[in-house]
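Enquirer: Predicted coordinates and the sequence they were generated for:
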Amino acid sequence: MESKIEIAGMQNRQGNRGPKMTLSLIKQSIKQEPFYECEDGVLYCADCMDILPQLPEGCVDLTVTSPPYDNLRDYKGYSFDFEGIAFELYRITKNGGVVVWVVADQVFEGSESGTSFRQALHFKDLGLWML
């Protein structure tokens, strides 16, 4: 099932991305009340996997995030679904849009874990190029 979702996303990515998204249309797609709102934007305080799937495809110009990585901090039981989040970011990012993914690797006995490199390769496989 997961690969079918990925393939559909990849095919849609190459074609028409749909109508121009306005802030009003995006707000209508999210079933949660905003944490903060002004004329320039809206802020939601929630697990991203509760919000991202509700966003229309190709509606985001820029995402900046520093997600949990390599168990370096205790997030009180939060489980990080990297593949799910990566796919949703791919799905909602406009053609020409940018995802800034800030992570580092845990160093254990002088060797880095390589997690950031594996994540970059996964984004590349989805179609989001990393610099």
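Expert: Perfect, thanks for sending it.
Enquirer: Near Phe87, how many residues? Count them for me, please.
Expert: 21 (other Cβ atoms under 10 Å). Where you see a C-beta, it was placed from the backbone N, CA and C, and this is true even at glycine.
Enquirer: how close does it sit to Thr63?
Expert: Distance of Phe87 to Thr63, computed by Cβ to Cβ, to the nearest Å: 13 Å.
Enquirer: And Ser116, by the same measure?
Expert: 17 Å.
Enquirer: Could you report the pLDDT at Asp40?
Expert: What the model reports as pLDDT for Asp40 is 83.
Enquirer: does Arg91 really touch Glu57, like I thought?
Expert: Yes - taking contacts as Cβ atoms under 8 Å, Arg91 lies within contact range of Glu57: 5.5 Å.
Enquirer: which one of the two has more residues nearby?
Expert: Arg91 (23 against 16).
Enquirer: Now do the phi/psi pair for the more buried one.
Expert: phi -60, psi -40 (degrees, to the nearest 10).
Enquirer: From the centre of the protein, point out the most distant residue.
Expert: Here the chain reaches farthest from its C-alpha mean at Glu109, the gap being 31.4 Å by Cα atoms, centre = their mean.
Enquirer: Can you give me every residue that contacts the most centrally placed residue in the chain?
Expert: The residue lying closest to the centre of the chain (Cα atoms, centre = their mean) is Leu89, at 2.9 Å. Residues counted as contacts of Leu89 (Cβ atoms under 8 Å, 6 or more residues apart in numbering) are 52, 63, 99, 128.
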